[in-house]
Structure formats: structure tokens, C-alpha cells
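1. sequence and computational prediction follow.
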Amino acid sequence: MSNNTYSKLIEPSIKDARKRRKEEIKFSIFDINPKYLNFGVGKKYHLKTYGCQGNLSDSEKMAGILEALGFIATDIETEADFVLFNTCAIRENAEERVFGELGRFQKFLKQKPDMIIGICGCMPQEEKTVRRLKKSFPYVKVVFGTHNISSLPEYVYDAFNGQKVVEVLSIEGNIVENIPVKRDHPAKAWVDIMYGCDEFCTYCIVPYTRGKERSRKPESIIEEVEALAKAGYVEVTLLGQNVNAYGKDFTDREYGFANLLEDLNKTNIKRIRYTTSHPRDLDLATIKAMALGGNIMPNLHLPVQSGNNEVLKRMNRKYTKEEYMEKINLLKEYVPGISITTDIIVAFPGETEEQFQDTVELVKEVEFEGAFTFIYSPREGTPAANYENLLTEEQKHDRLNRLNDVVNAHSLKGQMRFENQVVEVLVEGPSKNNPELLCGYSEHNKLVNFTPKNAKVGDLVKVKIIKAYSWHLLGEEL
């Protein structure tokens, strides 16, 4: 069969991806067609993941599907029969890295012409990506997006039978439950609670690549968390593009994110975290749920993006600096000692030096204990891509460097408050820089390297902090 024969050819449409209807979300249960069972026996797969925690969670599901088909994972690229790139579309440099990797893999095809290469995730949801793949990377045989992971068995089967698959659905999205999962960590697990985003920040491609906000049923989430606890998992991180909007799409009940936290607080899982939050949707009920403590960890990642109201308005963030600070103050009141981190974009189109300084002042006022800081990256199809930006590259990097100096100073200050304190650490494994030490994360999500006594991976251990550094704490197990 010709390698140019398509079993599927459905390309993305930004216009269709932008739509938001009021139709109810469709729920379905994953099931593998008997036709595909054992198809992967004797074959190996190699999965490369880029981007956010949502992509990592998706990769665990795709690995689960592939292993249900009989495939075996390999870390050796040239051994793989099937190579799949799960991609991110948030920033241009991340996309270029993927294209560079695709080019590198072309040489492997000369050694192993039967190797099947695929690409999925957020990048294929962009029209320009599929155009470029078809033109410059014709040897990529499988292309799909974020909405049809459950169709992976069919795509792989068709590709290994000589056909090409391009199926990128520009739909608002539904929910498929019970997809098999191969988890990457023995003690920590991602748990998707919702998918998609309806915020439409002017710089962000996610509402187009991930579809509309749609929530899993709370019963399914609670059941998954309880099953993880029973299986020996210690910590779960609840995932969504905007977890604070959880439940807003329900038509059969009044049940929001705060209700979910309250119910999960009663489960047997020992640690709960969540990401990512949108300040507009962070309400007092959720803050009070965090104040319950117990298995709900005292840290929160709350992206602010800018400290200037005019810039926030151009970003379509739907809150002001004052409203953001009100919620920060409530968090600090209800959850004393909470560790707060954030995301910040500098050099957004039209940002003046004075507006940039407002962001710097906000960082000082909040005293964030860490921040992911970025220079604005235009994404084709978003409104901000058409905004005029008069800043030079030198000016953009200068602002980023000045901001990072302030962020780093407050990060160190936030770390130093734990010197001579005892923290509880979930052990991850050996420290990267010193194999004689173990490392893990504290309740406040601080990386701790420590001298062990009896600790092993997956344990919760007490550690006395003896020294604080900007990006980690050093301690010894008690």
C-alpha cells in the first residue's frame, strides 16, 4: 500500500476551534476494538513529551493505550518501532525544538525505514503546523491533536499497515473516561479534573488547541483518587487549564471546585495539589476549602501575568491588580504561611517602562516565592499576534533580567523562612547533583535535598532544614 495513502485526512480550523456552543458535554467509556488487541506485541515505542502538566498526563494515557496494545517502552530512540512527539504550542521556541527533533529523526529512518513517526498534542491543532508537516516532514505518518487520544489504536494500526493519518478535530471537546494510564512516578499522580479553557486571553492559543471548559464528574475523580491512595500513591495534583472554573458547565448540579476540594479532603490520599488557577475564578469558597488543611497542601500557583491594569485589559485577563491583591491577601489570611508562585509575561505589545515597573512593584508586594517569567511570544491566530510591539530584543531581555533579579531575591527570602525548621518531604529519589543525598518536595512545594537515614522513594519523612538556597533547601532526615 502506498505511503501517501490517507486513512484519515482531517485538518485543523482555528475558526471552528474558536466556537463555543451551549451543548451538553458527551461522556464515553474507552474501549479497544478487538481488531487492535495484541497488535503491538513485539514492537517498541518511544514517547517524547513537551510542555505542561496536562501534556504529561496525556502522555501517561497514550503510554497506557500503547502498552494495552502490547507495545513495550524503550528509551533508546533507534530501537523504537513507533516514535510519538506529544507537543506544546504555548511558545514558538518550543515548537522549533520539536521541528528540529523531527529533522533529526529523519536520519534514523535510513537505518530503520519501518520506523513510524507521529506527532500529537497542541501543535497539530494549529493550521500552520499541519501545513508545515505536510510540506517539509512527509515522513511523519501519524498526526492528531488533543481531542482524540482515544483513537490512538486505530491510528497506529493504520500507520503500520502503510497508511498516513492526519486527524485533527477542531471541536469544543468531550470526555472519555477509563483510558488506561501508565504513570511515570510511583508515589505522585496527575488527575485531570477538567479540560479546555474559555478565558481567551489575547496572547494564548490554549482555548483553540484544548477546546471549551468541560468538567469530569466528581464521582469519577473521587473514585480515581481513592483508587490511587489504595494503590499506594501519596500525592495527587489536580489538573485543568483553569481548575477554578471546575463545575461551571454542570447542568445537573451545583458543584464547584471548592466542593471537590472539600470532598477530596475526606479521602485517604495524603497530599493534594492543583494547577493551574485563574485569578478571576478563584473564589472565597475555594480559599476556605484550602484552609481545611489536612491533605490540601499550603501552596498555590496563581498566574498574574502583569501588574498593570491597562496591560491586563489588553491581555483580556478580566481582573485588575487590585482584585488580584485582594485574593492574595485572603489567601494569606486563611492559609497562614502559604507559598505563592506565579507566571509573568514581560514585553507584552504596548507595555511601557512605567507599566513594567508596576509588575515589578507587584512582585515586591506579594513576595512570590517563585515565578515562571517569559518574554511575550506571538501565537498565530490569537488577537495579540496582530498587536504592534515596538520594543527591541535588547529591551525585552533587559526587562526579563531585571524582573528575574527581583523574583530571585524573594524566592531566596521565601526559602530562608524554613531554615532550622522541620518539614515533611515526599521522597523522589537521589539528588541530581549529589547521589549520596535524597531529594523530594515539602508541603510548601520546596525542593529539599537531604542526608537520609532510612528513607526510600515514596516515603513521607521529617527533615530538619539546615541551609536555604534560592532554588532548594538542604537538610537531614530526623
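-> Noted; the coordinates are in hand.
2. drop to CA atoms for contacts and neighbour counts, all remaining ones
-> Noted.
3. for residue 439, grab phi and psi.
-> Residue 439 has phi and psi values of phi -140, psi 160 when expressed as degrees, to the nearest 10.
4. show the contacting residues for the closest residue to it other than its chain neighbours.
-> Residue nearest to residue 439 in three dimensions, not counting chain neighbours: residue 449, with 4.3 Å by C-alpha to C-alpha, 6 or more residues apart in numbering. Contacts were defined as C-alpha atoms under 8 Å, 6 or more residues apart in numbering; by that measure residue 449 touches 431, 437, 438, 439, 440, 472, 473, 474, 475.
5. nearest to residue 307 among those?
-> Closest approach to residue 307 among the contacts of residue 449 (C-alpha to C-alpha): residue 472, at 26.9 Å.
6. roughly how far apart are that closest one and residue 432?
-> 12 Å (C-alpha to C-alpha, to the nearest Å).
7. who has more neighbours, those two?
-> residue 472 (19 against 11; other C-alpha atoms under 10 Å).
8. quick one, what contacts residue 197?
-> 206, 207, 210, 211, 212, 213, 241, 242 are the contacts of residue 197 under C-alpha under 8 Å, 6+ apart.
9. which ones among these are found in helices?
-> Taking DSSP state H as the definition of helices, the contacts of residue 197 contribute 206, 207, 210.
10. closest to residue 398 among these?
-> residue 206 (27.7 Å).
11. so where do the helices sit in the stretch 351-478 of the chain?
-> For the stretch 351-478 of the chain, the helices defined by DSSP state H, counting those that start in this stretch occupy 353-366, 393-416.
12. what does the shortest one rub up against?
-> If you take C-alpha under 8 Å, 6+ apart as the criterion, helix 353-366 is touched by 306-308, 311, 325, 328, 346-347, 399, 403, 406-407, 410.
13. and that helix, what's buried?
-> Neighbour counts over helix 353-366 (16 or more other C-alpha atoms under 10 Å) mark 355, 356, 357, 358, 359, 360, 361, 362, 363, 366 as buried.
14. export that helix as CSV, just CAs?
-> The C-alpha trace of helix 353-366 is given here as CSV (Å, rounded to 0.1, in the frame of the first residue of the first chain):
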residue,chain,number,x,y,z
GLU,A,353,8.6,51.1,31.1
GLU,A,354,6.2,52.5,33.7
GLN,A,355,3.8,49.6,33.2
PHE,A,356,6.7,47.2,33.5
GLN,A,357,7.6,48.8,36.8
ASP,A,358,4.1,48.2,38.1
THR,A,359,4.7,44.5,37.6
VAL,A,360,8.0,44.7,39.5
GLU,A,361,6.2,46.5,42.3
LEU,A,362,3.5,43.8,42.4
VAL,A,363,6.2,41.1,42.8
LYS,A,364,7.7,43.0,45.7
GLU,A,365,4.3,43.5,47.3
VAL,A,366,3.2,39.8,47.0
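15. what about it, average pLDDT?
-> The average pLDDT for helix 353-366 rounds to 98.
16. what is the orientation angle of that helix with helix 393-416?
-> 10 degrees (axes from the mean of the first three to the mean of the last three C-alpha atoms, to 10 degrees).
17. now do helix 353-366: distance to the chain's middle.
-> Helix 353-366 sits 26 Å away from the centroid of its parent chain (C-alpha atoms, centre = their mean, to the nearest Å).
18. also stretch 420-431?
-> For stretch 420-431, the distance to the chain centre is 24 Å (C-alpha atoms, centre = their mean).
19. so what touches it?
-> Contacts for stretch 420-431 (C-alpha under 8 Å, 6+ apart): 436-443, 448-449, 455-467.
20. who does the lowest-mean-pLDDT helix or strand in the chain pair with, and is each partner parallel or antiparallel?
-> Ranked by mean pLDDT, DSSP states H and E, the weakest helix or strand in the chain is strand 6-10, scoring a mean of 88. The strands that strand 6-10 pairs with in its sheet are strand 164-167 (parallel) (by DSSP bridges).
21. any idea which helix or strand comes after the strand it pairs with?
-> strand 175-177 (DSSP states H and E).
22. what mean pLDDT does that following strand get?
-> On average, strand 175-177 scores 97.
23. so which elements touch it?
-> strand 27-29 (3 or more C-alpha pairs under 8 Å, 6 or more residues apart in numbering; DSSP states H and E).
24. for stretch 94-104, buried residues please.
-> 94, 95, 98, 99, 102.
25. residues in contact with the last one?
-> Applying C-alpha under 8 Å, 6+ apart, one finds that residue 102 lies in contact with residue 137.
26. confirm residue 102 sits in a strand?
-> No. In this structure, residue 102 is helix, not part of a strand, as judged by DSSP: H, G, I helix; E, B strand; the rest coil.
27. pipe the buried residues of helix 353-366 into a markdown table and attach distance to residue 155 per row.
-> As requested, the buried residues of helix 353-366 are arranged in a markdown table below (distance: C-alpha to C-alpha, whole Å):
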| residue | distance to residue 155 |
| --- | --- |
| 355 | 49 |
| 356 | 47 |
| 357 | 50 |
| 358 | 50 |
| 359 | 46 |
| 360 | 48 |
| 361 | 51 |
| 362 | 48 |
| 363 | 47 |
| 366 | 48 |
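28. residue 207 is in contact with residue 195, correct?
-> No. Under the criterion of C-alpha atoms under 8 Å, residue 195 is not in contact with residue 207, lying 10.0 Å apart.
29. so for those two, which sits in the more crowded spot?
-> Set residue 195 next to residue 207 and count neighbours by other C-alpha under 10 Å: residue 195 wins out with 25 against 22.
30. separation between that one and residue 251?
-> Distance from residue 195 to residue 251, by C-alpha to C-alpha: 17 Å.
31. all set, thanks.
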